[in-house]
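Enquirer: please find the sequence and the predicted model below.
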Amino acid sequence: MRTLKLVAVSAGLSVPSSTRLLADRLAQSVRSRLVERADERATDTDVQVRVVELRELAVQIANHLVTGFPAPALGEAIEAVTEADGLIAVTPVFTASYSGLFKSFFDLIEPDALAGKPVLIAATGGTARHSLVLEHALRPLFAYLRALVVPTAVYAASEDWGGTGDALTDTLPVRIERAGGELAGLMTGGGVGAGRAVEADGLVPAARIA
Amino acid sequence: MQFGIFTVGDVTTDPTTGRTPTEHERIKATVAIALKAEEVGLDVFATGEHHNPPFVPSSPTTLLGHIAARTENLILSTSTTLITTNDPVKIAEDYAVLQHLAEGRVDLMMGRGNTGPVYPWFGKDIRHGIPLAIENYALLHKLWREDVVDWEGKFRTPLQSFTATPRPLDGVPPFVWHGSIRSTEIAEQAAYYGDGFFHNNIFWPMSHTRKMVELYRERYAHYGHGTPEQAIVGLGGQVFMRKNSQDAIAEFRPYFDNAPVYGHGPSLEDFTEQTPLTVGSPQEVIERTLGFREAVGDYQRQLFLMDHAGLPLQTVLEQLDILGEEVVPVLRKEFARLRPAGVPETAPLHPAVTARTKEA
């Protein structure tokens, strides 16, 4: 039996939190893709999912910054993150970037501990105007840590929870599925999957009407 | 087992009175604390070395030389001697002189120093901390053991036909400890030379201390100096005691809450649970310290930090009375009773010290 450990870090602060909701949706997506892959390959795989809620560790995170060592629950969370086969990192957007709590948590992780680890980054916000925070703040953070960040980063604005997407954007469920498949692919030694097929003349085939 | 105290040498405001001692007062207080350590029967006094405010001990051998002249039995040590930014030639000479003046009552602990700007002030780079510690100690080790040294390294002017003077007392160099909290390279270095390894665990959970000591013990045996159990281990610790636990907690809390090194983070209760800090009765300190032995095995030196958090001198002296009268005698008996045959009782002593102990 092979065990794959998937850890989702959520920096959401309210209860319930849309950041946590997104983390759970992503974890569910990755898990089902991992199970599918295991079935395809007829391998006996157990997927363990764990969500780390930074809200519950907020004081311990601040204390670690001050004292230089983690209290037991935080130490255990850090260990879970560094030992995971795949990591989902979700933050609310605060003041044009990841939240301070999110950054403080990752500041406490040894610089080499995430090297080569498959990571899916995601964020929530009140408006879609902040979505590039993922590309301009989170992706460089994990690039610095030499993590392997999947191409699809998932941003959920308030409107996405009831949205149908638009001509240029897939709906939130489609993006969650795509990102989940990419992380599952990296966790099982596959690739992140091919993009949409493009014809030789550069035309993207449209979806069939019927 | 050797019991003693180590001081950082910080000038810290007493939060209960708002009064900050002068540097002069702090230096004199340090001497008074060392003399008290001898008076109450402790074995070791160790001073830190710092080259930035708010610390005063920039010249450890001056301080230790003065204390040597005013004590008979106390072993004078350091916590730590900066092997990175000091010239190893000067360390060899300074501590050899101290060793002669103190009739062999000297050992020292190597450390790297973690304050970035101190390195450039001494022409060094903190990013070379480990290579500096390795190279400089290799030279120091040689200077104390070979009369004439030809040497060339990366960090210092080469030496041709150099003799460090004076030679160590009776040709026996001071025993050396290597202090490190997280760097496995330093545990490896201590093991390689068969020197002591000191884990200053005062801000660390015991689980981490255990891992570092285990690594050192295993490597000590690997290099053929003895069994893992025979490796020479020292630990730190910090305590505040009163007859009744509740009195100790009430009196120490304002110091804890405001001290630069403890304050404004975890509560006193969390901190005492997660680190060796023990605030309570002498019996609680005894039990906690015996617990260290459970974690790392029989060890040879226990140093307590007593003059911390801005405590006034009078309080520190009272604490030393309690430590010397009520805690250490019990610990000595217990550690001796529990220690298996073949495990060294203390770090190696200078023959001059051993000879005097036999006479007495």
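Expert: Thanks, I have the structure now. Not measured: the values here are computed from a predicted model.
Enquirer: low-confidence ranges, chain A, go.
Expert: Within chain A, the segments meeting pLDDT under 70 span A:194-205, A:210.
Enquirer: in it, which spans are helices?
Expert: If you assign secondary structure with DSSP state H, the helices in chain A sit at A:18-40, A:58-67, A:72-83, A:100-107, A:133, A:139-144, A:172-187.
Enquirer: what does the stretch 201-350 of chain B give?
Expert: Taking DSSP state H, counting those that start in this stretch as the test, the helices found in the stretch 201-350 of chain B are B:206-222, B:245-258, B:268-274, B:282-296, B:313-322, B:328-338.
Enquirer: next, format those helices as a markdown table and append mean neighbour count, mean pLDDT and distance to A:G116.
Expert: Using the backbone N, CA and C atoms, a C-beta is placed for each residue, glycine as well. Putting the helices of the stretch 201-350 of chain B into a markdown table (neighbours: other Cβ atoms under 10 Å in any protein chain shown; pLDDT from 0 to 100; distance: least, Cβ to Cβ, whole Å) gives the following:
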| stretch | mean neighbour count | mean pLDDT | distance to A:G116 |
| --- | --- | --- | --- |
| helix B:206-222 | 19 | 95 | 24 |
| helix B:245-258 | 17 | 97 | 42 |
| helix B:268-274 | 17 | 92 | 31 |
| helix B:282-296 | 17 | 96 | 34 |
| helix B:313-322 | 18 | 98 | 50 |
| helix B:328-338 | 15 | 98 | 46 |
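Enquirer: out of those helices, flag the one nearest B:G4.
Expert: Each of those was scored for nearness to B:G4 using Cβ to Cβ, and the closest is helix B:328-338 (9.3 Å).
Enquirer: show me where the stretch 1-150 of chain B has helices.
Expert: Defined through DSSP H, counting those that start in this stretch, the helices belonging to the stretch 1-150 of chain B, from first to last, are B:23-39, B:60-69, B:88-101, B:118-121, B:129-143.
Enquirer: residue of chain B nearest chain A, please.
Expert: Of the residues in chain B, the one nearest chain A is B:G265, at a distance of 3.4 Å by Cβ to the nearest Cβ.
Enquirer: burial count for that residue?
Expert: Using other Cβ atoms under 10 Å in any protein chain shown, the number of residues around B:G265 comes to 18.
Enquirer: still on that earlier bit, looking at the helices of chain A, spot the one closest to B:L64.
Expert: helix A:58-67 (30.5 Å).
Enquirer: doesn't B:Q230 make contact with B:V343?
Expert: Yes - here B:V343 reaches B:Q230: they are 6.1 Å apart, a contact under Cβ atoms under 8 Å.
Enquirer: comparing the helices of the stretch 1-150 of chain B, which yields the minimum mean pLDDT?
Expert: Least confidently modelled of the helices of the stretch 1-150 of chain B is helix B:118-121, at a mean of 93 by mean pLDDT.
Enquirer: follow-up on the earlier one: chain B is nearest to which of the helices of chain A?
Expert: Comparing the helices of chain A by their distance to chain B (Cβ to the nearest Cβ), the top pick is helix A:58-67, with 3.4 Å.
Enquirer: for that closest one, buried residues please.
Expert: By neighbour count with 16 or more other Cβ atoms under 10 Å in any protein chain shown, helix A:58-67 contains the buried residues A:A58, A:Q60, A:I61, A:N63, A:H64, A:T67.
Enquirer: ok, and of the residues you listed, which contact chain B?
Expert: Contacts with chain B within those, as defined by Cβ under 8 Å from any Cβ of the partner chain: A:N63, A:T67.
Enquirer: pipe the buried residues of helix A:58-67 into a markdown table and attach distance to A:L74 per row.
Expert: Converted to a markdown table, those look like this (distance: Cβ to Cβ, whole Å):
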| residue | distance to A:L74 |
| --- | --- |
| A:A58 | 10 |
| A:Q60 | 4 |
| A:I61 | 6 |
| A:N63 | 8 |
| A:H64 | 6 |
| A:T67 | 11 |
